[in-house]
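Visitor: compute the structure for the input listed below.
(2 chains)
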Amino acid sequence: MTTQPKKARVSTTVNGQPVDVLVAPYQSLLEMLREVLGLTGTKEGCNDGNCGACTVSLDGRIVDSCLVLGAEADGKRVDTIEGMARPEGLHPLQQAFLEEAALQCGICTPGFLVAARALLEREPHPSEERIRLWLAGNLCRCTGYDKIVGAVRKAAALDGAGNGRAAG
Amino acid sequence: MTITEKPQQQYKVIGTRPIRHDGLEKVTGRAVYGADVKFPGLLWGAVLRSPHAHARIKKLDVSKAAKMPGVFAVMTGADLVDLESKLVDMGEEIDNLAYTTKKLMADDKVVYKGHPVAAVAAVDLNTAQEALKLIAVAYEPLPVVLTVEEAMAPGAPLVLDDLVGEHLTGEARNTNIAKHTRYEFGDTAKGFARAAVTVERTFKLTMVHQGYIEPQNATAQWNQDGKLTVWTSTQGAFNVRDAVASILKMPESNIRVIPLEIGGGFGGKIPIYLEPVAAVLARKAGRPVKLVMDRKSVFEATGPTPGGTIRVKVGADSAGNITAAEADLRYEAGAYPGSPVGAGAQCIFAPYRLPNSRIDAYDVVVNKPKTAAYRAPGATQAAFAMESVVDEVAERLGIDPLEFRLRNASREGDRRADGPIFPRIGNVQVLQAAKRSAQWNAPLGAPSAPHKKRGRGVANGFWFNGGMKSSCNLAVNKDGTVAMVEGSVDIGGTRASIAMQAAEVLGIPAEDVHPTVGDTDTVGQTDVTGGSRTTFATGYAAYLAATNVVKQMMGRAAKLWEIDESGIEFKDGTFFSKSDPELRLTFKQVAEKLDETGGPLSATGTVNMRGAGGAFSTQIADVEVDTETGKVDVLRWTVVQDVGKAIHPAYVEGQMQGGAAQGIGWALNEEYFWDDKGNMHNSSFLDYRMPTALDLPKIETVLVEVPNPNHPYGVRGVGEAPIVAPVAAIANALRDALGTRFTETPMKPSRVLAAIKGGTLDGAATAASSNGASRRGRR
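Guide: As a prediction, the model looks like this:
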C-alpha cells in the first residue's frame, strides 16, 4: 500500500534458530515477534515499557520488546518464552510456576519467566528482596506476587540442590 | 493456614493442590489469548476517540479516510441502530442497551474523553491509525460535570439530555441523578439518641481501574450465510453473544462467540466495547477484522470503578453496642447510568447487626467513562467509609477494634440493613480467627528509623457472591479419563477447581478430568465469570454432570454383572455389588467396557443457582510511614476469610492475596488524576501506579472454612471479598501510626505528608487528627 515505507531485512537469531525477516522501520521487536514471526507467547500489555509483559532477552539482556525496534534485532540473539522449555522438559522456573500456582490469568507469566530466568542466570541464589527488586519491572495484577516470588525461590533452590537443570 | 469449622468429610481430590490443567500452555507461551488470533485476510481496526469530555459533534466527515489506499471500511455511530431502552443482565451489572449502543460509538454528542466517534478497518494497524487522522470532526465543547457534587448541584449541565431519573418521588427529568434508592430499618433518630458516642464523617474517593494487563480485543468474521463469529477476551461469552445480537438486531443463534484466554478482567471485561464495532467493520469490509485497544484507551474509555462521596454516621452505647447507623453514598456512574452504588449500599452495613439503619444511594452521571464492575463492585468504597468510622467509634469507647466488631457482628438469622436475612455466614468465625492470627498477636516492632512511624489497622469486608446459570458437559473416555466442556471462562484457575469437583464425584484423579472452556455453540448457557460464582455454580453443574455419569456407569456395571442396578454401590471410584464381594470394578474398568455395554457415555449438568453464600474477609495491615516523604510501606499483611470450602487451596490463597494487593494499590497509589476539563492525566502504567513485587510484603492468608449449605462441598465464592477491607485497613493503620484519620483516597505520599504537616492537600487545616480521643493501648 502506498502508505507503507520500505521494509528492512533483519537477520537475527530467535530461540537459537537463524531467521531472516522483513520488518517495517516503525515496527517494534514485539510486533516483529508477534505479527511477522507468529511468536505470540510474548504479550502486549501497554506498548510503552511499563508492564513487562513483552519481556524478551536480547543478546542476554532483558528488554521490553515494545521499546526496541525490530530492526535493532539485526545481528542479535533474541530469546523468548517459546524457547524456554526443552523437548525433554520444562525449565525449572516453568515447573516451579506450575507447582506453586504462581499464575492466575497467565498474561504476565511469559514476561515474568523470561525476566526471572535472566536473574537466576546472573545470581543463582537471590534473596527474596533481590527477587522482588528484579521483578519490579513486571506487573502482575492477579497474584499479589507472593506465589511468583515463591516459585522463583523454589526454582533457585532446586538448582542449588542439583535437582534441576542449570537455569538458562 | 486453614481453619475448618468442624470435622468435615474426607475428600480425595478436593483440598489438594494439583497442577492446573491449562498451566503448561500458559508457562510455555502457547495459550491463545484474544490478541493472538490471526486469519488469512485479517484486517486491523482502529477507533477514533473524542478529545473532549463533553461536546456536540457538529460535523463528522469520513470520506477522505474511506478513500485512503489500504482502508477497507469506515464506520460511525450512524452504522449502529438506535435501540429502545432495554435492560440486559450482563451478569454483575445491568446495562441499558440504548446507552450501550451510544457508548460503543457516539451519536451526535460525546460524553467522556475517549468516547469512540468513528472506526476504520485497514490492511494493517499502521494504515488504520493513519486513516483515523483523515477523519474530520468539528466539536462544539460543552460544560463538563466531573464530580457528584457538581452533577447534583441545581442547574448543573446535563450529561444526558434524555435521562429519566428514578427518584424517591418518581420519574425525574433534567437531572444527573439516575437513581436514588433508600433502605430504612427501625428509627435511626431514636437510636442515635441512645448513643454514648456518635461519629460522622464524609469520605471522598477517586476512580480507580481494574488494571488487567491484557487490553480489550475482539475479532469478527462473517460467513456468507449471515452468521457471525466473534473471538474475544471476555468474562462471559454468552452475555457478549446476546448483547451483540440485540445491538446488531440479529438472532443470537446466528452468532458464535469464542472466548479466548483472558488476561485479567476483575469485572472490567463483562461489558462490551469492541465486539459490535469489529462486527460492523467486518461486514462492511467483507473480511475478518481485529481490534485491540491501546493502554491509554483502556484507561480512558473502559469502565473503572467509581469515585464519589460517602457520608457515614454510627452511634454506639457505652457498652459498645451499635445503636444506629446511617449512610449516604453518591457514586459516579460515569457518562451513563449504572454505578455499583446499589451493591455498595447493600454491603456497607453487612458486617454489623444494626437495630436502626438508613441508607441512601445515588447513582450519578458525570462526564467520565462509564464505570464497570471491579471486584466486589461498590463495596470497597463503602467499607473504607464504614470501617473507618467503626474504628473511630471503638477507639473513642476504648474498645479493641476487633472486639468491637465481634460484639456487633452479624450472624445467621440477622437481617441485613437492605432486607435479606443472613443464611449461614462466617463473620464471627473470621473475626475470631483474625484475633488469633499470628500478625494480630505479634508486636508491631520499633520503626526502622527515627523519622518513621508504625501503625496497625484492621477492617472487615463483605461481599454477597453470585449464583446464576452454568453448564457443563462430561464424556467418558474408554481409558477411564473424562473430557469436560464447561461454559465459564477461566480467569484464574477455575478449569482446575471445576474439574476437581467432577473428579471427586467420579473417584478419579483431578488430572484424569480434561477441562475445556466451551464457546456459545458447544456448551449450554453460562453466565459471566464474575460475582465469585464460577467455582460455586459451574462447579455445581460439574458435580451434577458427574453424578449423572456415575449413575449411568452403574447401569453399565449392572449389565456386565447381569444384576440389577439397585444392587450396586459406588464408593471411592469403585463400583461393587452389595451382595457379592467378588464383583468390584473401578471407574476405569467400567469405562474400558463402554463399547460392550452400550457405547458412548456422556452427561450434562446445568444450574441456575441461588444461595451463593456471602463471604467476609478481615484484614490486618502493619504499615510504616516515612514522616519526611509521606511514603507508606506495608510491612506485613494478613487476609482472614471465610472461603466455605477451598477446592484448590493454592488458588484460593491466590485470590485472597491478589484481592488484598489490588486493595493496597487502591489505598496508597491508584487514582484517575483529572484536570477540570475531564482529561485524565495519568493514563499509562508509569503514572497510574499499580503495586509491583517490591511494593508488597508477603501476604499471609488464613482460610476459614464455614461450609455453604447450598453447595454439596460447601463452596462459597472467594474472589471478590478480599478487595473490600484493604483501603479501610490502611486508613486505620495510618490513624494508629500518625493519629490522623484519612478520609480521601489515595493515601499517597503528598496527602500523607500534608497531613503530617497539619494540613490537607488543598491547604485546609485538618480537624481529623485533633479529636482528643485516647489512643488504644499498643499490644
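Visitor: where does the stretch 451-600 of chain B get nearest to chain A, residue-wise?
Guide: Nearest residue of the stretch 451-600 of chain B to chain A: B:Gly492, at 3.6 Å (C-beta to the nearest C-beta). C-beta coordinates here come from the backbone N, C-alpha and C atoms, glycine included.
Visitor: tell me which residues touch the residue in chain A positioned nearest to chain B, please.
Guide: Residue nearest to chain B within chain A (C-beta to the nearest C-beta): A:Gly41, separated by 2.0 Å. A:Gly41 sits next to A:80-82, A:110, B:28-30 when contact means C-beta atoms under 8 Å, 6 or more residues apart in numbering or on different chains.
Visitor: and B:Val244, by the same measure?
Guide: Counting by C-beta under 8 Å, 6+ apart, B:Val244 touches B:228, B:230, B:255, B:257, B:272, B:275-276, B:279.
Visitor: roughly how far apart are it and chain A?
Guide: Per C-beta to the nearest C-beta, to the nearest Å, B:Val244 is found 23 Å from chain A.
Visitor: name the helix or strand for that residue, please.
Guide: When elements are assigned from DSSP states H and E, B:Val244 belongs to helix B:237-248.
Visitor: domain assignment for chain A?
Guide: A:8-83, A:92-160 (automatic domain parsing).
Visitor: mind putting these into TSV with distance to B:Glu326?
Guide: Shown next, in TSV, are those (distance: least, C-beta to C-beta, whole Å):
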stretch	distance to B:Glu326
domain A:8-83	42
domain A:92-160	34
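Visitor: give me whichever of the ones you listed is most buried.
Guide: domain A:92-160 (a mean of 23; mean count of other C-beta atoms under 10 Å in any protein chain shown).
Visitor: chain neighbours aside, what residue packs nearest to the residue of chain A closest to chain B?
Guide: B:Gly29 (2.0 Å; C-beta to C-beta, 6 or more residues apart in numbering or on different chains).
Visitor: now the one you found: how far from B:Ser684?
Guide: Shown here: B:Gly29 relative to B:Ser684, a distance of 25 Å by C-beta to C-beta, to the nearest Å.
Visitor: redo the contacts of B:Val244 as a markdown table? Include secondary structure.
Guide: Putting the contacts of B:Val244 into a markdown table (DSSP: H, G, I helix; E, B strand; the rest coil) gives the following:
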| residue | secondary structure |
| --- | --- |
| B:Leu228 | strand |
| B:Val230 | strand |
| B:Ile255 | strand |
| B:Val257 | strand |
| B:Ile272 | coil |
| B:Glu275 | helix |
| B:Pro276 | helix |
| B:Ala279 | helix |
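Visitor: hang on, the earlier thing: higher neighbour count, B:Gly29 and B:Ser684?
Guide: Between B:Gly29 and B:Ser684, B:Gly29 has the larger neighbour count (other C-beta atoms under 10 Å in any protein chain shown), namely 24 against 16.
Visitor: that one in helix, strand or coil?
Guide: coil.
Visitor: and for A:Ile62?
Guide: At A:Ile62 the chain is in strand, as set by three-state DSSP.
Visitor: contacts only, for it.
Guide: A:55-56, A:114-115, A:118.
Visitor: quick one: contacts of the lowest-mean-pLDDT helix or strand in chain B?
Guide: Lowest on mean pLDDT, DSSP states H and E among the helices and strands of chain B sits strand B:87-89, with a mean of 72. Strand B:87-89 has contacts (C-beta under 8 Å, 6+ apart) with B:94-97, B:100, B:239, B:242-243, B:246.
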